[in-house]
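1. how would this look folded up:
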Amino acid sequence: MPIRWYGPADPDDPTYRHFARIVNLTLHAALFAAVNSGLWFVQGMRHPWTHLNWLTLGWAGLLLVHGTVVVLQRPQPQP
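-> Coordinates of the predicted model:
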């Protein structure tokens, strides 16, 4: 089931902003998976690329930081 926002798109709503951050994180993770799996496949088919480990680890670190920011900025539950 696709992610979908039900209701008016109000950029001032903290829940809506959090939802937008989650969608951006999901796109970031999908791009990471697609690009890195393709690069590792090409490396396996052709010649080794010595810097691919560093690229993957660096990007994974940025993805981890992005995920941490999304979790830390989640809105507080309303009573």
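
2. can you tell me the SS state at residue 5?
-> When classified by DSSP: H, G, I helix; E, B strand; the rest coil, residue 5 comes out as coil.

3. what helix or strand is the closest residue to it other than its chain neighbours located in?
-> Beyond its immediate neighbours in the sequence, the residue positioned closest to residue 5 (CB to CB, 6 or more residues apart in numbering) is residue 19, lying 5.8 Å away. From N, CA and C alone the C-beta is placed, and that goes for glycine too. Using DSSP states H and E, residue 19 maps to helix 14-45.

4. now that helix: buried residues?
-> 16, 19, 21, 25, 28, 32 (16 or more other CB atoms under 10 Å).

5. which pair in the residues you listed spans the largest distance?
-> When the buried residues of helix 14-45 are compared pair by pair using CB to CB, the farthest-apart members prove to be 16 and 32, with a separation of 24.8 Å.

6. give the other helices and strands that the least confident helix or strand in the chain by mean pLDDT contacts.
-> When the helices and strands of the chain are scored by mean pLDDT, DSSP states H and E, helix 14-45 comes last with a mean of 93. Based on contacts counted as 3 or more CB pairs under 8 Å, 6 or more residues apart in numbering; DSSP states H and E, the elements that helix 14-45 packs against are helix 52-72.

7. what's in contact with the helix it packs on?
-> Residues outside helix 52-72 that contact it (CB atoms under 8 Å, 6 or more residues apart in numbering): 18, 21-22, 24-25, 28-29, 32, 36, 39-40, 43.

8. and those residues as TSV, adding distance to residue 76?
-> Below are the contacts of helix 52-72 laid out as TSV (distance: CB to CB, whole Å):
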residue	distance to residue 76
18	11
21	15
22	16
24	21
25	19
28	24
29	25
32	29
36	35
39	40
40	40
43	45
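
9. closest one to residue 77 out of the residues you listed, please.
-> residue 18 (11.7 Å).
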